[in-house]
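Let me see the structure of the following:
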Amino acid sequence: MNGQSGSEAKLVFPGLAGFYASVGDVAVTAMRVVIGAMLLMHVSFKFKIGAAAVAANIMAKNGLEPALTFAYLSIAIELVGGICLILGLFTRFFAAAAAVEMLIALFAVHLSKGYNIGAGGYEYVLLIGAALFVIAMRGGGPYSVDRFIGKEL
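A predicted model of the protein is given here:
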């Protein structure tokens, strides 16, 4: 809304309305797939160092106990959730779970370091968490396994 009661913003170029309508679902699907791929890239580091190192160097160091449980949960959410987001399978559940994980990371790890990601700040987890929240609210969309099977969590 543009501040006028009950009205919506009008396009400056009304001829683009059809284009926007035709690519909206594709754009949201692309965001879902990219976020899923980013979770997979993020978890690859955790696999490289191992769950015990994740527990000791990340979870316990930041006060997340039991550290090994938190390590395995984050690995599972990022691995299975990343794959499921790419496929659009159980989309709402895994997007919500990963959004909660990012919220925990925001408060437990990154907030005290400021905004800048270069200094270990919360810039990345805030952006990814917000995108995951939107995906959780919207669901898998028309280009998803959820839609294909006709069910979603």
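
Under the pLDDT cut-off, which ranges of this protein? List them.
Regions of the chain meeting the criterion pLDDT under 70 cover residues 1-6.

can you tell me which residues contact the residue positioned nearest the centre of the chain?
Nearest to the mean C-alpha position of the chain, counting by CA atoms, centre = their mean, stands Leu132 at 3.1 Å. Residues near Leu132 by CB atoms under 8 Å, 6 or more residues apart in numbering: 35, 95-96, 98-99, 102. From N, CA and C alone the C-beta is placed, and that goes for glycine too.

Which pair of those residues spans the longest distance?
Ile35 and Ala96 (12.8 Å; CB to CB).

Neighbour count for those two, which is higher?
Legend: neighbour count by other CB atoms under 10 Å for Ile35 and Ala96, higher for Ile35 (21 against 17).

what's the helix or strand for Glu78?
In this structure, Glu78 is located in helix 67-87 according to DSSP states H and E.

could I have that helix exported to PDB, CA atoms only?
Output of helix 67-87 as PDB, limited to C-alpha atoms (Å, rounded to 0.1, in the frame of the first residue of the first chain):
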ATOM      1  CA  ALA A  67      27.000 -28.800  22.100                       C
ATOM      2  CA  LEU A  68      27.200 -32.100  20.300                       C
ATOM      3  CA  THR A  69      23.400 -32.200  20.100                       C
ATOM      4  CA  PHE A  70      23.300 -28.700  18.700                       C
ATOM      5  CA  ALA A  71      26.000 -29.600  16.200                       C
ATOM      6  CA  TYR A  72      24.100 -32.600  14.900                       C
ATOM      7  CA  LEU A  73      20.900 -30.700  14.700                       C
ATOM      8  CA  SER A  74      22.400 -27.900  12.700                       C
ATOM      9  CA  ILE A  75      24.100 -30.400  10.400                       C
ATOM     10  CA  ALA A  76      20.800 -32.300   9.900                       C
ATOM     11  CA  ILE A  77      18.800 -29.100   9.300                       C
ATOM     12  CA  GLU A  78      21.200 -27.700   6.800                       C
ATOM     13  CA  LEU A  79      21.800 -31.000   4.900                       C
ATOM     14  CA  VAL A  80      18.300 -32.400   4.800                       C
ATOM     15  CA  GLY A  81      16.700 -29.000   4.800                       C
ATOM     16  CA  GLY A  82      18.900 -27.700   2.000                       C
ATOM     17  CA  ILE A  83      18.000 -30.700  -0.200                       C
ATOM     18  CA  CYS A  84      14.300 -30.400   0.700                       C
ATOM     19  CA  LEU A  85      14.300 -26.700  -0.100                       C
ATOM     20  CA  ILE A  86      15.800 -27.300  -3.500                       C
ATOM     21  CA  LEU A  87      13.200 -29.900  -4.200                       C
END
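
All set now, cheers.
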